[in-house]
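>>> model this:
(one chain, ligands or ions: 1)
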Amino acid sequence: MENNNYIHVYNEIGQLKSVLLHCPGEEIENIVPDYLSRLLFDEICFLKQAIVEHNQFANILKTEGVEVLYLTDLMADILGAPDVRQKFLENLMDEGKVPTEGVREALREFFSLLTPLEMAKKAITGVRKDEVKEINNKHLADLVKNPYPFYLDPIPNLYFQRDPFATIGSGVTLNVMSSVTRNRETLFAKYLFDHHPRFKNIRRWYNRNKTHPIEGGDELVLSPKVIAIGVSDRTDPVAVEMVARNVFESDESFEVVLAFDIPKTRAFMHLDTVFTMIDYDKFTIYPGIEMPLDVYSLRKGSNNNINISYEAEDLSSILKKYLRLPSVDLIRCGNNDVIAAGREQWSDGSNTLAISPGKVVCYNRNYVTNEALRKVGIEVLEFDSYELSRGRGGPRCMSMPLVRADI
Ligand SMILES: NC(=[NH2+])NCCC[C@H](N)C(=O)O
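Have a look, this model is predicted:
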């Protein structure tokens, strides 16, 4: 196994040692009703309260001894180098479809006045047209009336750090996002893994230049041998197989990828919105997916072959078989009450973040599910969830583990 101390994730529940977060910033205030659904939000958030909640989340993690890193700080570490800064801005403008050379020149000037940290933040906030006054070198696109308010779009889903890349073993999948609005998030990850002294040279199981989408919320590392990946609204089976192949061809310990084919709907956009691991033998699950769930196994074969089969048993039996457990406990979101399940799943009741076996971080609003977890002996640490939940993601979605203890 390749050894690096900075990416090490061989399970979902081992003591979390280091995690990457992004605290929502002014990008959230650039969400307006006309663009809500394109930006993948259902409601407008009150930023001040969202920050309070995010800080509560981060403080829980810090109190538990977890190193909390912030994406903007890591970006600031690398944006001090003029060539990195320049390339990053050009990429951001290309992928943000900045319309003309005149606007690009104005944006170069605009960003040149910012410190590395300010630049990282502004790249996420987006740039409104009224912030950039002087456009020289005018093209047709600069002259025609266009009510769209931004030269560079905000990137409001970046506080869901789970999705643009994902750690598996000692490597990462640098993801292709299924939506245009989220794809620029992976540019930040690309720059970290290309340039940050702590993270460059990390191996990649997938790269953002591929064609088929995969998002981190679908990627779960169940054990040093077993990975689960959702085939979902966001993740394509072609990408799942490619990741499996690359991991199997390496010297990593993984032997099986379980592909969970879940319904393709907004409420369950990723596997982790309906299924998370919380203890050696305990999982949360949203009952609405149990019936329609098809699971396929991709097993490492000889000569770089992959053996793919349909798993005909129910989920408990599949998990018992592959994780070698005598029994498993599936704890149902909403504690088996259909209405509570639907309501709490919508605000990520099944989306828990384990910080050690049997200890999870959850939104306080999902009290029915949290109570059900406590009943089976799980320790639940809660924080406020009025505003963060409006982006349709919970504690797991908001965190990317970089290092977990082996178990
Ligand atoms: N891992 C997750 N479940 N992430 C949730 C992401 C929510 C985000 N608004 C989106 O639609 O993409």
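
>>> how far away is the residue lying closest to residue 110 once chain neighbours are set aside from residue 147?
Residue nearest to residue 110 in three dimensions, not counting chain neighbours: residue 132, with 5.5 Å by CB to CB, 6 or more residues apart in numbering. For every residue, glycine as well, the C-beta is placed using N, CA and C. In this view, residue 132 and residue 147 are 16 Å apart by CB to CB, to the nearest Å.

>>> more crowded one of those two?
residue 132 (15 against 6; other CB atoms under 10 Å).

>>> in contact with the residue of the stretch 201-350 of the chain found nearest the ligand, which residues?
Nearest residue of the stretch 201-350 of the chain to the ligand, counting by CB to the nearest ligand atom: residue 217, 2.3 Å away. When contacts are counted by CB atoms under 8 Å, 6 or more residues apart in numbering, residue 217 touches 160, 162-163, 230, 234, 269-273, 393, 396-397.

>>> same check on residue 316?
327-328, 330.

>>> need the residues that contact the one helix or strand residue 242 maps to.
Assigned by DSSP states H and E, residue 242 belongs to helix 237-248. Helix 237-248 is touched from outside by 168-169, 171, 173, 176, 204-206, 210-214, 219, 227, 229, 231, 254-255, 257, 259, 261, 298, 300, 304, 306, 308, with contacts defined as CB under 8 Å, 6+ apart.

>>> which of those are buried?
Listed as buried from these are 168-169, 171, 173, 176, 205-206, 210, 213-214, 219, 227, 229, 231, 254-255, 257, 259, 261, 298, 300; burial here means 16 or more other CB atoms under 10 Å.

>>> just to revisit the earlier point, most neighbours among the contacts of residue 316, please name it.
That'd be residue 328 among those, by other CB under 10 Å, with 18 neighbours.

>>> need the contact list for that residue.
So residue 328 contacts 281-283, 316, 319-320 (CB under 8 Å, 6+ apart).

>>> can you give me the strands for the stretch 51-200 of the chain?
Under the criterion DSSP state E, counting those that start in this stretch, the stretch 51-200 of the chain contains strands at 67-70, 127-128, 150-152, 165-168, 171-174.

>>> what's in contact with the fourth one?
Strand 165-168 is contacted by residues 7, 9, 172-175, 186, 189, 193, 205, 216, 219, 221, 227, 243, 247, 252, 254, 400-402 when judged by CB under 8 Å, 6+ apart.

>>> mind checking which of the contacts of residue 328 land in helices?
Using DSSP state H, the members of the contacts of residue 328 that fall within helices are 316, 319-320.

>>> gap between the two ends of stretch 262-272?
One end of stretch 262-272 sits 11 Å from the other (CA to CA, to the nearest Å).

>>> which parts of that stretch are buried?
Quick answer for stretch 262-272 (16+ other CB under 10 Å): 262, 268-272.

>>> likewise for stretch 368-382?
368-370, 372-373, 378, 380-382.

>>> export it as PDB, just CAs?
Output of stretch 368-382 as PDB, limited to C-alpha atoms (Å, rounded to 0.1, in the frame of the first residue of the first chain):
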ATOM      1  CA  VAL A 368     -37.400  10.900  15.400                       C
ATOM      2  CA  THR A 369     -34.500   9.300  13.600                       C
ATOM      3  CA  ASN A 370     -32.000  10.600  16.200                       C
ATOM      4  CA  GLU A 371     -34.100   9.000  19.000                       C
ATOM      5  CA  ALA A 372     -34.200   5.700  17.100                       C
ATOM      6  CA  LEU A 373     -30.400   5.800  16.800                       C
ATOM      7  CA  ARG A 374     -30.000   6.500  20.500                       C
ATOM      8  CA  LYS A 375     -32.300   3.500  21.300                       C
ATOM      9  CA  VAL A 376     -29.800   1.200  19.700                       C
ATOM     10  CA  GLY A 377     -27.000   2.700  21.700                       C
ATOM     11  CA  ILE A 378     -25.600   5.200  19.200                       C
ATOM     12  CA  GLU A 379     -24.200   8.400  20.600                       C
ATOM     13  CA  VAL A 380     -25.700  11.300  18.700                       C
ATOM     14  CA  LEU A 381     -24.100  14.700  18.700                       C
ATOM     15  CA  GLU A 382     -26.500  17.300  17.300                       C
END
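
>>> now do it, average pLDDT.
Across stretch 368-382, the average pLDDT comes to 98.

>>> tell me how far it lies from the chain's centre.
Stretch 368-382 sits 24 Å away from the centroid of its parent chain (CA atoms, centre = their mean, to the nearest Å).

>>> what's the answer for stretch 89-104, then?
With CA atoms, centre = their mean, you get 25 Å for stretch 89-104.

>>> list the buried residues for it?
89, 92-93, 96, 98-100, 102-104.

>>> rebuild these as CSV, extending it with pLDDT and distance to residue 23.
Below are those laid out as CSV (pLDDT from 0 to 100; distance: CB to CB, whole Å):
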residue, pLDDT, distance to residue 23
89, 98, 23
92, 97, 20
93, 97, 25
96, 94, 22
98, 93, 26
99, 83, 31
100, 92, 33
102, 94, 34
103, 95, 29
104, 95, 29
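
>>> looking at the residues you listed, spot the one nearest the ligand.
Looking across the buried residues of stretch 89-104 and measuring by CB to the nearest ligand atom, the closest to the ligand is residue 96, at 17.9 Å.

>>> so what's residue 62 up against?
residue 68.

>>> from the contacts of residue 316, which land in helices?
Among the contacts of residue 316, no member falls in helices (DSSP H).

>>> tell me where this protein has helices.
For the chain, the helices defined by DSSP H occupy 47-63, 71-79, 82-95, 101-112, 116-125, 140-143, 180-183, 185-195, 237-248, 315-323, 338-346, 367-375.
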